[in-house]
Structure formats: C-alpha cells, structure tokens
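# I'll drop the sequence and a predicted model, then ask my questions.
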Amino acid sequence: MAEPREPRTVAAANGIAGDQGFGAVNPPLYLSSTFVFPGFERPGSYEYTRAANPSRDLLADTLARLEGGAGAVVTASGMAAVDLVLGLMGRDDLVVAPHDCYGGTYRLLSLRRDKGQFDVLFVDQGDEAALFAALARKPALVLIETPSNPLMRVVDIRTIAARARRAGAKVAVDNTFLSPALQRPIALGADFVIHSTTKYLNGHSDVVGGAVIAADKADVEALSDWAKITGVTGAPFDSYLTLRGLRTLFPRIEHQQANAAAIAEFLERQPQVSAVHYPGLKSHPGHAIASAQQAGFGAMLSFQLAGGVDAVRSFVEAVRVFTLAESLGGVESLVAHPATMTHASMGAEARLAAGISDGLLRLSIGLEAETDLISDLETALTAIDKAR
Ligand SMILES: *Cc1c(COP(=O)(O)O)cnc(C)c1O
C-alpha cells in the first residue's frame, strides 16, 4: 500500500485497518499498563505503558506525519510538552521566549528560572533590535508562539528560526493556535513543534493532552527518553480520544475559521469595540506574514472593548451562545477575559508590558451557525450600552 501523502488523508486515515489481531477498521485501544515477555530475556515490542503504548504511539505517529517531523512524544498536557522541551536545558542555558506567550508557559519559565534551572529572557520577538540583542547572548533555545495568545501577534518563523540557528539555538514553536492544518513550523526551520492537543487537535474539550514533535531523530530519542524517565507521557485512553478528534481536524478548523473571519469583520464595525486582533483582517499588522506562512488565519481572535472592565462584565453576562470559559479550539464557541482568567498569573505589570489590558476579550470560535454567533455578540454589545 502506498503511504498517504496529503495531510488531510493522514489525519482521517493513519492507522486505519492496520489491526493484526481481528481486522478492526478503527485502531484498538490498548489500556494495558504492562505487556507479556514472550520468553526469558525476550521482551515483546511493548513492555510497559509509561515507556511506550500502541495507542499512544499511533497518535504520536499521526502527529509526526502531520507536522513533517521525524517523530513525536505524546504528553499528559500541553504544559508537560513545554516542560519536556525545557527538560533538555542545563543550568547555564538561556531560553528566549515571547513576552506575550501563553500564561502557563510564562509561569513555568519564570518559576524554573527562579529555581536556577536555566535563565530566561522574555522579548518582543517582533522587535528586531530586541531579538538581535537576545540572540547575541547565545541562547540554547528560542521559543516562538505565533499567532500569540491572546493578542494574535504574528512573527516570521522562517526568519527568526534562521537567525536563532545561526546563534546556535534550537527553535521550538508552540503551534497550538493553528494546528498543522494551518501552519507547519518544521518546514519553516523549527526543531520542535509543541502542542496542547487539548485544543484544536482533539477539538472536543474532553481531553487535556500535549505533544512535542521533533524534526531530527536524535531529538526525538532524547525527548522520548526524558519523557520515559519523568513519566510525563499521555494516557492511552486520552490518546485514543485525541486521535478520534484529530480525524476531523481539517473540516473543523476550516469551518471554524470561516466563522471567525465573519465575526472579526462584524466586530470591526461595532462602536463599542476599539480594536480587533485577527490576522485575517487587512488592518492586522501581521496580515502579510500570516498570509505567507499560514494556510489559513485560524479561528481565534481577540478584541478590545472601549468601555473597559465594566463593559467586559456586561458583555460576558449577556452571552448565551458563547460560554465564559478558558481553553479554546473546541467545537463550541468560548469567550475568555485574559486579565482575570488565562493571564491572571502573569501579574499586572507583565500584562501591561505585553499589551493585555483589562478591556480585552478573547474568542475561540466554534462550529455553531454564523448567524447565531453574530446575533449573540450583537445582544452582548447592546447589553453594554444598556448598563451605562
Ligand atoms: C493551552 C495551551 C498550553 C498549555 O496546554 P495544556 O494542555 O492546558 O497544559 C500551551 N500553549 C498554548 C498556546 C496553549 O493554548
């Protein structure tokens, strides 16, 4: 059988009809924690699930193919995936990270730095001078997040990766916001791709999981060994569910981003909204880079309410189709207030520096009818005016 080439074929069908036992079309779920030794000093292909498990391996293989990597390690959460890469760092190493990175990543990097496990420099990677100054300090790792959370800032992966590589650094891209359906960082020069599979890859808000995909085989082995040692590998059942969600990744995200584009255009016209951050808008400063490096603009956006935190309260209390909750990438639409929710742990000063103000709201656009989503937003915006 010829290997499937198109990513959407990989997503829909990798591992289908591969069951050697009973010819199951859908790959079986192997919950077993341990595996038979066929003889003395003769292990089988699997021994113990912390180290390796067939259900988890199939998800890892599918993710590696989708991202164009040499292999992948599936972890228990997105944060475990970030930390797995950070586990490769030593005491004298420097990590350069975006100043507006995911709140949990910001906290993890800061706390590990405070423990003296490595040094960290948070920089605005869209600022050339700041990036050059950071690279001059010869970092071991440059972490990129594009589009960024929650401001949807876009940076040029190919350019930053090339410069980082010249400075001797490895490059990791957190690709959670777009998924390999819309952005493939390894093709742009990244060494590692990090995912919170909790988001678009699973897509149904019923699993917390993560993955790291590496471009080189040696890096895959280093990561697998470390994951085995620390025990951060994902559970078989979670892997099974995530692969099931992943089957529909392409149609989901394509439909969700069409909804998001319509919503971004709608929001841009509303008087209560002072700014809309969506890379698909021509007004977005990263529009040209996003058009070149992404296969689509995604289904995440954020916007600024002119009325600040009072307007935020009225808005989130009035929505009925959107749900006030953290997380993103599921089939249902969510609204989050970064300052008090996802980015609360960052502290007011760091939020201010990153441009995350109290009037900012983030939307994760789902699969509902566009008309229902827009009329829900209309109602919530009207509620702001009524409350004044
Ligand atoms: C959610 C998220 C993470 C963390 O993933 P968990 O699965 O919640 O641990 C990391 N990076 C980004 C960009 C995320 O959105």
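Perfect, thanks for sending it.
# From now on I want contacts and neighbour counts done on CA atoms only, so please keep to that.
Fine.
# how deep is the residue in the stretch 1-150 of the chain positioned nearest to the ligand tucked in, by neighbour count?
Proximity to the ligand, evaluated over the stretch 1-150 of the chain using Cα to the nearest ligand atom, is greatest for residue 78 at 3.2 Å. By the criterion of other Cα atoms under 10 Å, residue 78 has 25 neighbours.
# and what of residue 46?
14.
# Let the chain start at 39 from now.
Sure, I'll start numbering at 39, so the last one becomes residue 84.
# Just give the nearest non-adjacent residue to it, would you?
residue 73 (6.0 Å; Cα to Cα, 6 or more residues apart in numbering).
# Confirm for me that that neighbour is in contact with residue 82.
Yes: with contacts counted by Cα atoms under 8 Å, residue 73 reaches residue 82, the gap being 7.4 Å.
# Comparing these two, which residue is more hemmed in?
Taking neighbours as other Cα under 10 Å, residue 73 and residue 82 compare with residue 73 leading, 14 against 11.
# what sits against residue 99?
109, 110 (Cα atoms under 8 Å, 6 or more residues apart in numbering).
# so who does the closest residue to residue 369 other than its chain neighbours touch?
Closest residue to residue 369 apart from its sequence neighbours, by Cα to Cα, 6+ apart: residue 404 at 4.5 Å. Going by Cα under 8 Å, 6+ apart, residue 404 touches 294, 297, 337, 367, 368, 369, 370, 371, 372.
# can you list the residues of this protein near the ligand?
Contact residues, the chain versus the ligand (Cα under 6 Å from any ligand atom): 115, 116, 117, 140, 212, 214, 215, 234, 236, 246, 247, 248.
# can you pull the contacts of the residue of the stretch 39-188 of the chain closest to the ligand?
Here residue 116 is in contact with 232, 233, 234, 235, 236, 246, 247, 248, 249 (criterion: Cα under 8 Å, 6+ apart).
# I'd say the fifth one and residue 246 touch.
What that stands for is residue 236. Yes: applying Cα under 8 Å, one finds residue 236 in contact with residue 246, separated by 4.6 Å.
# quick one: which of these two has more around it?
residue 236 (26 against 19).
# circling back to that earlier point, which member of the contacts of residue 404 is positioned nearest the ligand?
Closest approach between those and the ligand, by Cα to the nearest ligand atom: residue 367, at 8.7 Å.
# and that closest one, how many neighbours?
31.
# Equivalent analysis for residue 60, please.
Quick note: residue 60 (other Cα under 10 Å) scores 9 neighbours.
# Against residue 90, how distant is it?
Residue 60 is 22 Å from residue 90, where distance means Cα to Cα, to the nearest Å.
# Is residue 59 in a helix, a strand, or coil?
coil (DSSP: H, G, I helix; E, B strand; the rest coil).
# And it, how close does it get to residue 66?
Counting by Cα to Cα, the gap from residue 59 to residue 66 is 10 Å.
# Who has more neighbours out of the two?
Shown here are residue 59 and residue 66; by other Cα under 10 Å, residue 66 has more neighbours (17 against 7).
# who's in contact with the more buried one?
Here residue 66 is in contact with 57, 93 (Cα under 8 Å, 6+ apart).
# Then the one 5 residues further on?
Taking Cα under 8 Å, 6+ apart, we find residue 71 in contact with 86, 87, 88.
# Which residue is the nearest non-sequential neighbour of the second one?
To tie it back to what came earlier, the one meant is residue 87. Per Cα to Cα, 6+ apart, closest to residue 87 is residue 71, 4.9 Å.
# now do the first one
Leaving out its chain neighbours, the residue that sits closest to residue 86 by Cα to Cα, 6+ apart is residue 72, at 4.5 Å.
# Per-residue pLDDT of the one you found, please?
As predicted, residue 72 sits at a pLDDT of 98.
# That one contacts residue 87, correct?
Yes: here residue 72 reaches residue 87: they are 6.1 Å apart, a contact under Cα under 8 Å.
# okay, these two: which has more neighbours?
Shown here are residue 72 and residue 87; by other Cα under 10 Å, residue 87 has more neighbours (22 against 13).
# Do you know the pLDDT at the more buried one?
pLDDT, read off for residue 87, is 98.
# do the same with residue 383
79.
# count of neighbours near it?
What residue 383 shows, counting by other Cα under 10 Å, is a neighbour count of 16.
# Relative to the ligand, which residue of the stretch 189-338 of the chain is the closest?
For the stretch 189-338 of the chain, Cα to the nearest ligand atom, closest residue to the ligand: residue 234, 4.2 Å.
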